[in-house]
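Colleague: dropping the sequence and predicted coords here.
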Amino acid sequence: MDGESQEKQNNSILYIILGALVGAATGAGAGYLLTKRIEEGEDLQLTPGDGIKIGGSIIAILKQISTLGK
């Protein structure tokens, strides 16, 4: 492999690891916030509509990330 190809591969691995860490931290934060709401006595009711909103938001964020640097 030439130097440029090796550098691209190293950057790819770095981005994957960074993305995994950000995703894990985000998921842990969401779990923490939901746990706090439950501990405070709030009823946690996730409707199908809420699930669709969350899914749409996640897709929108991923789309924005995929267009970075263009």
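Modeller: Done, it's in.
Colleague: go ahead and flag the most central residue of the protein.
Modeller: Nearest to the mean C-alpha position of the chain, by C-alpha atoms, centre = their mean, lies Gly23 at 3.9 Å.
Colleague: pLDDT wise, what is Gly29 at?
Modeller: Listed pLDDT for Gly29 reads 96.
Colleague: and it, what helix or strand is that in?
Modeller: helix 3-39 (DSSP states H and E).
Colleague: packing partners of the helix or strand harbouring Ile54?
Modeller: If you go by DSSP H and E, Ile54 is part of helix 48-66. Contacts defined by 3 or more C-beta pairs under 8 Å, 6 or more residues apart in numbering; DSSP states H and E place helix 48-66 against no helix or strand at all. For glycine as for every other residue, the C-beta is placed from the backbone atoms N, C-alpha and C.
Colleague: state the mean pLDDT of it.
Modeller: Helix 48-66 carries an average pLDDT of 93.
Colleague: coming back round to it: residue contacts, the residue nearest to the centre of the chain?
Modeller: Counting by C-beta atoms under 8 Å, 6 or more residues apart in numbering, Gly23 makes contact with nothing.
Colleague: could you measure from it over to Leu44?
Modeller: Here the criterion is C-beta to C-beta, to the nearest Å. By it, Gly23 lies 22 Å from Leu44.
Colleague: if we can go back for a sec, let me know the pLDDT of the residue nearest to the centre of the chain.
Modeller: If you check Gly23, the pLDDT there is 94.
Colleague: what do you get for Met1?
Modeller: Model confidence at Met1 (pLDDT) stands at 57.
Colleague: same thing with the one 5 residues further on?
Modeller: What the model reports as pLDDT for Gln6 is 83.
Colleague: just give me the neighbour total for it.
Modeller: Number of residues near Gln6 (other C-beta atoms under 10 Å) recorded here: 10.
Colleague: same thing with the one 5 residues further on?
Modeller: Residue crowding around Asn11 was assessed by other C-beta under 10 Å; the count is 10.
Colleague: list the contacts of it.
Modeller: Not one residue lies near Asn11 by C-beta under 8 Å, 6+ apart.
Colleague: quick one: pLDDT of it?
Modeller: What the model reports for Asn11 is a pLDDT of 87.
Colleague: please apply the same query to Gly69.
Modeller: 75.
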